[in-house]
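> What would the 3D arrangement of this be:
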Amino acid sequence: MPVSKENENELIAQILAYLDETHLKESEHIKNELAWLETLEKVTLHHPEIRDGWERDTSLDTLTRILASNTLHIPPRVMNLRNYLVTKLHIFSTLFAILKDISAFGVPLRASMLTITSFFTMEKVYSSCLRDNFISKEVKNRLADELVSLWDNGLNIKKACFFGYLEQLWVARDKTPPTYGTMDGNSEIIRLSMEMPEEWDDFLKEQGDDKETINALLEFVFGLSYEDIVRERDRLSRAKMQSVNESELKKVFGAIEFAYTSIKSVDPSRFYDFFIERYEKTLFRKRIFMEEASEAPKRTIEEIYLEYLASKV
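Numbers count the residues shown, from 1 in each chain. Reported below is the predicted structural model:
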């Protein structure tokens, strides 16, 4: 879960005191970086909140189109916010590399890194939903409104309405790496769902047997593409094998490259890459399969879940 601003400030103070005693050179470097981070925060806050200016001058329909458009239309406050968060992520990554073996420092540092990563992933999920021609105008308007909230609350991310739900999904996946087994995904989905709120259970019940949701979720829990999952299931069937573990899976695939690179526990930013890889794969499928009845998912589980949440508001 996100580390509060107050707790984060206290954590940094404790870390700097520790580094002053043990890593003086690194401590001075971090202090200089933190001073620059404070400047970036002030620059970000210098710009008015986006909602204040855009609600006066822009209808929500126009706002939705702008939010789904190119970088040059993005407000300066957002660009400065992104710079602030990237800088903060690099500072925390440097600290984590030094302090990861000290749980009192390493655990909260990693939690903050995952929250920052979640912000950028969340932006991409919103953007992809706003570009989706099959999502209703009403839901898109809600998503556009929530993206503005995410941007306006970017220095205190947990205030944004839908942010907590998707971050919980990524945190749950972080806690429950796949065991593979029979490759049906039941064990992985159950363990993931145990970490999720009741809204997630309602979502799964409502989606029922929807193939796109099921297969997008399998990609998410296994960290494998739908095509890789099908290939491994076929291999198990041909070999009359009941299950497979991670080491066996890697041996089997050997020189064959997985569609998605593995999530590294020491690098929470991999979750952003993991979403982008799955998202780009869905775009590829949309172009290749078009209207064909392929069961390969054409949306990520995050997009499907976010649309569901927005439709319930």
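
> Show me what the mean pLDDT comes to for stretch 83-97.
Averaging pLDDT along stretch 83-97 gives 96.

> where exactly do the helices run in the stretch 101-250 of the chain?
Assigned by DSSP state H, counting those that start in this stretch, the helices in the stretch 101-250 of the chain fall at 103-130, 137-152, 163-175, 186-194, 198-207, 211-222, 226-238, 246-253.

> Minimum distance to Y84: which of these has it?
Nearest to Y84 among the helices of the stretch 101-250 of the chain is helix 103-130 (9.7 Å), distances taken as Cβ to Cβ. In short, each C-beta sits where N, CA and C put it, glycine included.

> out of the helices of the stretch 101-250 of the chain, which comes closest to E41?
Of the helices of the stretch 101-250 of the chain, the one closest to E41 (Cβ to Cβ) turns out to be helix 103-130, at 13.5 Å.

> can you count the residues close to S93?
S93 has 17 neighbouring residues, counting by other Cβ atoms under 10 Å.

> And for V266?
Here the count is done by other Cβ under 10 Å, and V266 has 11 residues near it.

> Could you do K205 as well?
Neighbours around K205, by other Cβ under 10 Å: 8.

> go on, M122?
25.

> The one 3 residues further on now?
Number of residues near V125 (other Cβ under 10 Å) recorded here: 23.

> same check, this time on the one 10 residues further on
Residues within reach of I135, counting by other Cβ under 10 Å, total 19.

> close enough to count as contact, it and E307?
Yes: using Cβ atoms under 8 Å, I135 is in contact with E307, at 5.7 Å.

> what is in contact with the two at once?
Residues touching both I135 and E307 by Cβ atoms under 8 Å, 6 or more residues apart in numbering: 129, 143.

> which residue sits closest to H23, ignoring its sequence neighbours?
Leaving out its chain neighbours, the residue that sits closest to H23 by Cβ to Cβ, 6 or more residues apart in numbering is I98, at 6.3 Å.

> what's near enough to touch that neighbour?
With contact set as Cβ under 8 Å, 6+ apart, I98 has these partners: 19, 23, 26.

> Count residues in the vicinity of the residue lying closest to the first one once chain neighbours are set aside, would you?
For L19, ignoring the flanking residues on the chain, the nearest one in space by Cβ to Cβ, 6+ apart is S27 at 3.6 Å. Neighbour count of S27, defined by other Cβ under 10 Å: 18.

> in the protein, what secondary structure element scores lowest on mean pLDDT?
Lowest by mean pLDDT, DSSP states H and E among the helices and strands of the chain is helix 60-67, with a mean of 66.

> next helix or strand past it?
Going down the chain from helix 60-67, the next helix or strand is helix 76-99, by DSSP states H and E.

> hmm, back to that, how about the helices of the stretch 101-250 of the chain in CSV, adding mean pLDDT and distance to T87?
Shown next, in CSV, are the helices of the stretch 101-250 of the chain (pLDDT from 0 to 100; distance: least, Cβ to Cβ, whole Å):
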stretch, mean pLDDT, distance to T87
helix 103-130, 92, 10
helix 137-152, 88, 17
helix 163-175, 91, 20
helix 186-194, 96, 32
helix 198-207, 96, 33
helix 211-222, 96, 29
helix 226-238, 90, 36
helix 246-253, 76, 35
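
> Any chance of CSV for those helices, columns distance to L11?
Formatted as CSV, the helices of the stretch 101-250 of the chain follow (distance: least, Cβ to Cβ, whole Å):
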stretch, distance to L11
helix 103-130, 5
helix 137-152, 24
helix 163-175, 18
helix 186-194, 28
helix 198-207, 29
helix 211-222, 30
helix 226-238, 39
helix 246-253, 33
